[in-house]
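Chemist: Sequence and predicted structure are below.
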Amino acid sequence: MTATAQTLRPPSRTLMFLEGRAIHEFGAFLGALPLLSLAPRGDGHPVLVLPGLVASDTSTGALRTFLSSKGYAVAGWRQGRNYGLRPGVQDAMLGQIRELNDTHGRKISLVGWSLGGIYARQLAKMVPDSVRQVITLGSPFAGDPRSTNAWRVYEWASGRKADEVDPRFGGELAAPPPVPTTAIFSRTDGVCAWQGCMEKTGAQTESIEVESSHCGMGHHPAAVYAVADRLAQKEGQWRPFDRSGWRSVVYPDPHR
């Protein structure tokens with residue numbers, strides 16, 4: 001664990017209380033659909049969307065429906081609620097990646113919300129030849145596992161210690177996958193310390209900041225647009241997110 005990770009603290013009680021705005025963010029998503037329709041269309045490649053802790057495919061329904069409307073072959077994780085890396089979960093996800101690869105004959109993109117984003121990163125490290133890119137939404141991969149307000153829930157749900165890392169599941173969490181990777185985060189996240197949800201900038205790694213709650217990030221209009229923008233890039237031609245023009249108003253500089 002790095003010194004930086006050790007110093008991260010969970011978000012304040014005030015930010016945790018403000019997670020209730022996730023409901024309003026869903027309303028904003030519905031209201032923004034005419035504008036979101038202007039997001040670039042995809043090329044039809046498969047996209048697997050993974051839910052957060054104790055959440056199910058229902059939580060990612062809005063995002064998956066929108067991405068489907070953009071032409072992607074979108075799949076949910078089909079394992080009910082996400083109670084952590086219990087026996088069989090890892091194998092089921094790897095099996096689904098193989099299934100999507102075989103069905104579509106193409107690499108897949110992995111989009112994960114919170115804990116689902118950690119899964120996405122680790123899966124991409126295990127089978128990089130099968131993965132086109134990874135996008136995470138509020139996923140605390142770079143900080144102390146207890147730098148969230150959900151670590152006790154994780155321990156209860158999974159039966160594992162929050163700082164317990166399975167070396168067979170992709171290795172070190174903070175290490176980036178060997179594929180293009182985008183980390184979407186919010187400084188007003190009320191569940192995870194935002195610093196632990198950022199990716200270091202590199203040749204194929206980046207962070208995008210949105211002003212969102214944690215529980216609403218998967219349907220926040222700015223986050224949804226960013227996901228669509230990233231997925232629309234041609235395979236093998238990944239470029240960092242362009243914040244010029246109107247985007248500079250919506251997307252703050254993550255390194256300010």
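Modeler: Received it, and whenever you're ready, just let me know what you need.

Chemist: pLDDT score for the closest residue to Ala22 other than its chain neighbours?
Modeler: The spatial neighbour of Ala22 that comes closest, neighbours along the chain excluded (CB to CB, 6 or more residues apart in numbering), is Gly216 at 3.2 Å. C-beta: built from backbone N, CA, C; applies to glycine. With respect to pLDDT, Gly216 has a value of 98.

Chemist: tell me the secondary structure for the residue nearest the centre of the chain?
Modeler: Within the chain, one residue has its C-alpha closest to the average C-alpha position: by CA atoms, centre = their mean, that is Thr136, at 2.1 Å. Each residue gets one of three states, and Thr136 gets strand by DSSP: H, G, I helix; E, B strand; the rest coil.

Chemist: before we move on, the earlier item: so what does the residue nearest to Ala22 look like in phi/psi?
Modeler: As for Gly216, its main-chain torsions (degrees, to the nearest 10) stand at phi -110, psi 0.

Chemist: I'd assumed Leu18 was in contact with it.
Modeler: No. Look at Gly216 against Leu18 with CB atoms under 8 Å: they stay out of range, at 10.3 Å.

Chemist: Between those two, tell me which one has more neighbours.
Modeler: Just comparing Gly216 and Leu18: by other CB atoms under 10 Å the higher neighbour count belongs to Gly216, 22 against 16.

Chemist: residue contacts, the more buried one?
Modeler: Applying CB atoms under 8 Å, 6 or more residues apart in numbering, one finds that Gly216 lies in contact with Glu19, Arg21, Ala22, Ile23, His24, Glu25, Phe26.

Chemist: same thing with Thr201?
Modeler: Thr201 touches Ser207, Pro240, His255, counting by CB under 8 Å, 6+ apart.

Chemist: among the residues you listed, who's most crowded?
Modeler: Neighbour counts for the contacts of Thr201, by other CB under 10 Å, peak at Ser207, which reaches 21 neighbours.

Chemist: just checking, that one touches Ala183?
Modeler: Yes. Here Ser207 reaches Ala183: they are 4.7 Å apart, a contact under CB under 8 Å.

Chemist: Quickly note the distance from the residue nearest to Ala22 to Met126.
Modeler: Taken as CB to CB, to the nearest Å, the spacing of Gly216 relative to Met126 amounts to 30 Å.

Chemist: picking up where we left off before, so which of the contacts of Gly216 are in strands?
Modeler: Within the contacts of Gly216, no residue falls in strands by DSSP state E.
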